[in-house]
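Trainee: I need the structure of the sequence given here:
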Amino acid sequence: MYHQIMEKSGNKLFAMTKKSFWLVLLLLILPLSSCSTFLSEKYTVETPKGQCLPVFPDNNGWYGGDGAYSIKLDGERTLWLFGDTFVANEKDKKDRVDMDAILGTTLAISTCSANNEFKIQYYLKKKNERFVSSFGENEWLWPQDPFIVNNILYIPLIAVTPTNKKDELFNFKITGHKLARIKDFSAADPYKWSMDYIDLTPAIPPEIAAFATTSVVHDNYVYFYPFYAYSKDAMNVLGNILARIPVSRLDKPVGAIEYFTKDGTWQNNLNPARVKAVLNACVSELSVRYHAADKKWIAVYLSTQNKGDKLLYQFADALEGPWSEPKVLGVTVPEVDPNSPLYDKNNFCYAGKEHIEFARNKNLIVTYVCNSAEDMQNRTSFIRRNLFLYRPVAREISY
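Mentor: Next up, the predicted model:
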């Protein structure tokens, strides 16, 4: 659950080789105490009529999850992937005080009804009567941006390992990267899909905390914008770089990953002195999607400043850039606005991204998630008492 803090100064925390490098960033953004009001009530959400815009109500045992990547599977179904998730067997819960949390990934399928209304079905997995992650039997795997190539669905996953260091606020580390490969996803029930895994770990340097922050299939390659943090030998590189894998090598990616460099060429090895940070977003979740009407690529993410108080977007003619300067998308995020009733001083927000399958004209459909710096194991913490926190928030915003 607490994987969701910080990148540059506001998003997910990933354990890096230079502990002090991250500690400075952490101290910039996270207060460590709270005195919050109690807002316990059943979570309700207003469903837009006739618009088929995403909403994430409590249902099927699901009471809030992280991340929210999506991909259109066919003409009717959209797959949603969530990170660590609160779950309960009981219906209509008013808080999460006694809830379990799945550490890993959960999923859902959404459709648009005949009346063009958004419908979502969460599919929670159980083993021995307990809720478990949708991926990995004995692993802690977080989802990244899925993609489809040659009618095969690939779901990138980050492997996480607890460190059991009680003196550290975030006692885990990133230990691997995988692709879940699903060759037939036609069944209505995702748990009838057969899958196997491709191990990316040997191909990815440890300084890459999140590889598939966003995925783009384009011109016989799959492009990614890894979040890269290198700090060694008086050299610091922090940002989102650009990587790609030939479509023909997805099943055997080791040795096939290329990185975009400052001189405009592609190299198989990741050289920190030569690699180019094409986006200074410094985020582990974002979206890059092509908007045909504008003939532009648009990147959407949440600012890492002020605990994630703004959605930002940038334009480019090519995936390599150059990218425009960031512009603010919409209004301030209320969960970190001191004037909002949703505010708590321990709140922080991240995971901003676009869901282009729902876009309409010049309106983007974006989501973000807010979390709390309080210990979620504390049964009276803000995140357990307030169901509005720690779930995707969807907005329709013109640009």
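
Trainee: Residue 141 is in contact with residue 132, isn't it?
Mentor: No: using Cβ atoms under 8 Å, residue 141 is not in contact with residue 132; the gap is 11.3 Å. Quick note: C-beta positions are derived from backbone N, CA and C, even for glycine.

Trainee: Model confidence at residue 316, what's the number?
Mentor: What the model reports as pLDDT for residue 316 is 98.

Trainee: what about it, neighbour count?
Mentor: By other Cβ atoms under 10 Å, 17 other residues sit near residue 316.

Trainee: contacting residues for it?
Mentor: Taking Cβ atoms under 8 Å, 6 or more residues apart in numbering as the contact definition, residue 316 lies against 296, 297, 299, 322, 323, 324.

Trainee: ok so, going back, which neighbours do residue 141 and residue 132 share?
Mentor: residue 104.

Trainee: Settle it for me: which of those two has more neighbours?
Mentor: residue 141 (24 against 18).

Trainee: can you give me the strands in the stretch 151-300 of the chain?
Mentor: When secondary structure is read from DSSP state E, counting those that start in this stretch, the stretch 151-300 of the chain shows strands at 152-162, 172-182, 195-199, 208-210, 215-218, 221-224, 227-232, 235-241, 243-246, 258-260, 266-267, 277-279, 287-291, 296-302.

Trainee: circling back to that earlier point, between the contacts of residue 316, which is nearest residue 162?
Mentor: In terms of Cβ to Cβ, no member of the contacts of residue 316 lies closer to residue 162 than residue 299, at 32.3 Å.

Trainee: Check the closest one and give its pLDDT.
Mentor: 98.

Trainee: Please report how far it lies from residue 282.
Mentor: Here the criterion is Cβ to Cβ, to the nearest Å. By it, residue 299 lies 13 Å from residue 282.

Trainee: what's the answer for residue 379, then?
Mentor: Here the distance between residue 379 and residue 282 works out to 33 Å (Cβ to Cβ).

Trainee: Among the two, which residue is more densely surrounded?
Mentor: Using other Cβ under 10 Å as the criterion, residue 379 and residue 282 rank with residue 282 on top: 22 against 13.

Trainee: Residue 237 is in contact with that one, correct?
Mentor: No: when contacts are counted by Cβ under 8 Å, residue 282 is not listed as touching residue 237 (10.7 Å).

Trainee: picking that back up, distance to residue 68 and mean neighbour count added to the strands of the stretch 151-300 of the chain, as JSON lines?
Mentor: Rendered in JSON lines, the data for those read as follows (distance: least, Cβ to Cβ, whole Å; neighbours: other Cβ atoms under 10 Å):
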{"stretch": "strand 152-162", "distance to residue 68": "14", "mean neighbour count": "20"}
{"stretch": "strand 172-182", "distance to residue 68": "17", "mean neighbour count": "20"}
{"stretch": "strand 195-199", "distance to residue 68": "21", "mean neighbour count": "14"}
{"stretch": "strand 208-210", "distance to residue 68": "15", "mean neighbour count": "25"}
{"stretch": "strand 215-218", "distance to residue 68": "15", "mean neighbour count": "18"}
{"stretch": "strand 221-224", "distance to residue 68": "18", "mean neighbour count": "22"}
{"stretch": "strand 227-232", "distance to residue 68": "17", "mean neighbour count": "21"}
{"stretch": "strand 235-241", "distance to residue 68": "19", "mean neighbour count": "18"}
{"stretch": "strand 243-246", "distance to residue 68": "23", "mean neighbour count": "20"}
{"stretch": "strand 258-260", "distance to residue 68": "27", "mean neighbour count": "21"}
{"stretch": "strand 266-267", "distance to residue 68": "31", "mean neighbour count": "14"}
{"stretch": "strand 277-279", "distance to residue 68": "20", "mean neighbour count": "21"}
{"stretch": "strand 287-291", "distance to residue 68": "11", "mean neighbour count": "20"}
{"stretch": "strand 296-302", "distance to residue 68": "12", "mean neighbour count": "25"}
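
Trainee: can you give me the helices in the stretch 1-150 of the chain?
Mentor: Counting by DSSP state H, counting those that start in this stretch, one finds helices in the stretch 1-150 of the chain at the ranges 19-29.

Trainee: Strands of the stretch 1-150 of the chain, start to end?
Mentor: Here the stretch 1-150 of the chain has its strands, by DSSP E, counting those that start in this stretch, at 62-72, 78-87, 100-102, 106-112, 118-123, 125-127, 130-132, 140-143, 147-149.

Trainee: closest one to residue 303 among the ones you listed?
Mentor: Of all these, strand 62-72 comes closest under Cβ to Cβ, at 17.4 Å.

Trainee: buried set for that closest one?
Mentor: Neighbour-count burial for strand 62-72 flags 62, 63, 64, 65, 66, 67, 68, 69, 70, 71 (criterion: 16 or more other Cβ atoms under 10 Å).

Trainee: now it, how far from the chain's geometric center?
Mentor: Counting by Cα atoms, centre = their mean, to the nearest Å, strand 62-72 is centred 8 Å from the centre of its parent chain.

Trainee: any idea of the mean pLDDT in it?
Mentor: For strand 62-72, mean pLDDT is 97.

Trainee: give me every residue that touches the nearest residue to residue 141 once chain neighbours are set aside.
Mentor: The shortest distance from residue 141 to any residue that is not its chain neighbour, by Cβ to Cβ, 6 or more residues apart in numbering, is 4.3 Å, and that residue is residue 157. With contact set as Cβ under 8 Å, 6+ apart, residue 157 has these partners: 105, 135, 136, 141, 142, 143, 144, 177, 178, 179, 180.
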